[in-house]
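Make a model of this:
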Amino acid sequence: MNRLREFINKSPWIGWALAGVLLVVAVVIYMRRIGGTDPYRLERMTENVTIKFADTGEEITMPRGRLEKQLRTAGSHLDPSKGLVNPKTGQPSGFIFDKSDWEETITRINAEKAEMAAKAPAAARLPPAGAATPTPAGTPTGSK
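Here you go, the predicted structure:
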């Protein structure tokens, strides 16, 4: 310990350099913690995203939160090759301008939908009323 103290006293610039490096590391750690990677943080949900419709070439902007709400109500599993429905043509041709952002969003929403379906009680996973229910194997379907 004394050797280190003597060395730093002989070369004070090394002490300042070490202090600078530690300060930079602390700032980086702090920025990562406050920035967060939560995909649902307020700043991310209120940012505008550009949607381009492939069939008409038209572009619109909307808040990311509204886009994700539309995607969540679109069905049980989202196909990344099918976008938002174009109100003018009725075709699913609207995609986020940034393709990687679109694919990440669809993958995340599909994973969350699958997780919620797995956690749902069995009664919530029953088919809708009036839907044909499969007959269990080995159950007679005819008369007694």
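
Report the contact partners of the residue lying closest to residue 91 once chain neighbours are set aside.
With sequence-adjacent residues excluded and distances taken as C-beta to C-beta, 6 or more residues apart in numbering, residue 91 is closest to residue 55, at 5.3 Å. All C-beta spots, glycine's among them, are computed from the backbone N, C-alpha and C. Neighbour list for residue 55: 86, 89, 91, 93 [criterion: C-beta atoms under 8 Å, 6 or more residues apart in numbering].

Would you mark the buried spots in the one helix or strand residue 14 maps to?
In this assignment (DSSP states H and E), residue 14 forms part of helix 12-35. Within helix 12-35, no residue counts as buried by 16 or more other C-beta atoms under 10 Å.

Quick one: name whatever helix or strand follows that helix.
helix 42-46.

Sheet-wise, list the partners of whichever helix or strand comes after that following helix with their directions.
Downstream of helix 42-46, the first helix or strand assigned by DSSP H and E is strand 48-53. According to DSSP bridges, strand 48-53 has the following sheet partners: strand 59-63 (antiparallel), strand 92-96 (antiparallel).
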